[in-house]
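> Can you look at this prediction? I've put the sequence above it.
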Amino acid sequence: MNKQIKRYWILMVPYCVTFVILLFYIPNNHTDHFPLFVLIPFWSILHSWNFLAEKLSNKEELKS
């Protein structure tokens, strides 16, 4: 299985739990921007993680 897909599913579980918890605890007048509260951090962390992992693997390939 591709490592990027594994990272996606590793991050998906905590963010789904966070989504459900926030859904119940954020007041109703603030829910119009609610998907952004969860999606922006999820995608930024996922892409940062993939970028850093790729950068480190390229650095290791250059050393060997």
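Looks like it arrived, so ask away. Numbering: from 1, shown residues only.
> could you say which helix or strand contains the most centrally placed residue in the chain?
For the chain, the residue nearest the mean C-alpha position is residue 42 (3.0 Å; C-alpha atoms, centre = their mean). When elements are assigned from DSSP states H and E, residue 42 belongs to helix 34-63.
> coming back round to it: thought residue 13 was touching the residue nearest to the centre of the chain, still the case?
No - applying C-beta atoms under 8 Å as the test, residue 42 and residue 13 come out as separate, 11.2 Å apart. C-beta coordinates here come from the backbone N, C-alpha and C atoms, glycine included.
> any low-confidence regions in this structure?
1, 30-31, 64 (pLDDT under 70).
> go again using 80 as the cut-off
Across the chain, the ranges flagged by pLDDT under 80 are 1-4, 26-38, 59-64.
> For stretch 25-36, give me every contacting residue.
Residues outside stretch 25-36 that contact it (C-beta atoms under 8 Å, 6 or more residues apart in numbering) are 22-23, 37.
> and the residues you listed as a markdown table, adding distance to residue 49 and neighbour count?
A markdown table is the format used below for the contacts of stretch 25-36 (distance: C-beta to C-beta, whole Å; neighbours: other C-beta atoms under 10 Å):
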| residue | distance to residue 49 | neighbour count |
| --- | --- | --- |
| 22 | 22 | 14 |
| 23 | 25 | 11 |
| 37 | 19 | 15 |
